[in-house]
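A.B. asks: Need coordinates for the below:
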Amino acid sequence: MLKFYSDGHEQWSAITTNVVAVEGLPDHFVATVDFEAGWWGTWCSFRTLEGRIVDLLWDDDNIQNEQCMHKIRGFCHPAWQGVIVEAYGMTHMGNGHYYLMHVHDGRIELLVETRAVDVNNCDCILLEGTLLPARYYDFDKDGYTDVVLTGSKVLLEDEKDGWTVLYLGWDGLETKVRKVFLWNPARARFEREALLDLGFFD
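C.D. replies: Residues are numbered from 1 along each chain as shown. The predicted model follows:
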């Protein structure tokens with residue numbers, strides 16, 4: 001159990017941590033930190049130097065909207081200097097967003113945020129998690145890296161109660177889902193291209 005201190009006094013304890021090495025930078029790490037499983041958590045990035053943790057960055061700007069982080073990884077990409085963080089947040093009811101963030105110069109920059117997690121069967125029971133995986137490649141062949149999330153959904157309807165639930169990756173009648181974010185070099189940002197989307201998952 002990790003304990004966090006401020007001015008020498010214990011503030012809170014983390015019951016679960018998941019530390020992941022950044023792909024391509026073995027001395028850099030990203031980690032999810034849960035203070036209460038499924039209800040209260042956050043994430044951070046850091047590197048190690050001679051056995052010490054340095055350059056520790058927390059999500060102080062509250063980029064993450066959900067109560068906890070469901071999945072996280074860090075990697076390097078030739079399009080950016082520093083560390084790229086791919087994370088999926090999740091609420092206690094099983095819904096959440098995909099976040100693409102750029103860690104550089106001592107700060108965290110949000111590049112993309114979109115809904116991409118659904119493990120909720122509408123009865124507040126969390127199922128085995130499914131999400132929209134992201135890929136990074138030049139989708140429109142303009143020489144810049146783009147972000148493409150793809151997956152599938154199935155529409156279920158309870159005839160008795162009249163509610164509808166969307167599942168990702170369900171082994172039933174599936175509809176393909178795709179979200180495309182193209183890099184706009186003039187504005188130096190990713191922009192959603194709804195005309196290139198498939199299905200609907202927002």
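A.B. asks: tell me the secondary structure for Leu195?
C.D. replies: Following DSSP: H, G, I helix; E, B strand; the rest coil, the label given to Leu195 is helix.
A.B. asks: From Val19, how far out is it?
C.D. replies: Applying CB to CB, to the nearest Å, the value for Leu195 to Val19 is 40 Å. Every residue, glycine included, has its C-beta placed from N, CA and C.
A.B. asks: Which one of the two is surrounded by more residues?
C.D. replies: Val19 (12 against 6; other CB atoms under 10 Å).
A.B. asks: isn't that one right up against Phe29?
C.D. replies: Yes. Between Val19 and Phe29 a contact is recorded at 5.5 Å, counting by CB atoms under 8 Å.
A.B. asks: Give me the pLDDT for Phe35.
C.D. replies: Looking at Phe35, its pLDDT stands at 77.
A.B. asks: Can you point out the buried residues in the one helix or strand it maps to?
C.D. replies: Secondary structure assignment for Phe35, by DSSP states H and E: strand 25-36. For strand 25-36, a neighbour-count test (16 or more other CB atoms under 10 Å) marks 28-35 as buried.
A.B. asks: and those as TSV, adding distance to Tyr88?
C.D. replies: Below are the buried residues of strand 25-36 laid out as TSV (distance: CB to CB, whole Å):
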residue	distance to Tyr88
His28	20
Phe29	18
Val30	13
Ala31	15
Thr32	10
Val33	15
Asp34	14
Phe35	19
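A.B. asks: which strands and helices sit next to the helix or strand hosting Val22?
C.D. replies: Val22 belongs to strand 16-22 when elements are defined using DSSP H and E. Using 3 or more CB pairs under 8 Å, 6 or more residues apart in numbering; DSSP states H and E, the elements in contact with strand 16-22 are strand 25-36, strand 68-77.
A.B. asks: same for the helix or strand where Glu191 lies, what does it pack against?
C.D. replies: Assigned by DSSP H and E, Glu191 falls within strand 189-192. On a contact count with 3+ CB pairs under 8 Å, 6+ apart, strand 189-192 meets strand 107-118, strand 175-184.
A.B. asks: Name the residues of the last one that come out as buried.
C.D. replies: What it means is strand 175-184. Buried, per 16+ other CB under 10 Å, within strand 175-184: 177-183.
A.B. asks: Tell me if Lys141 really is in a helix.
C.D. replies: No. Lys141 is assigned coil when assessed by three-state DSSP, not a helix.
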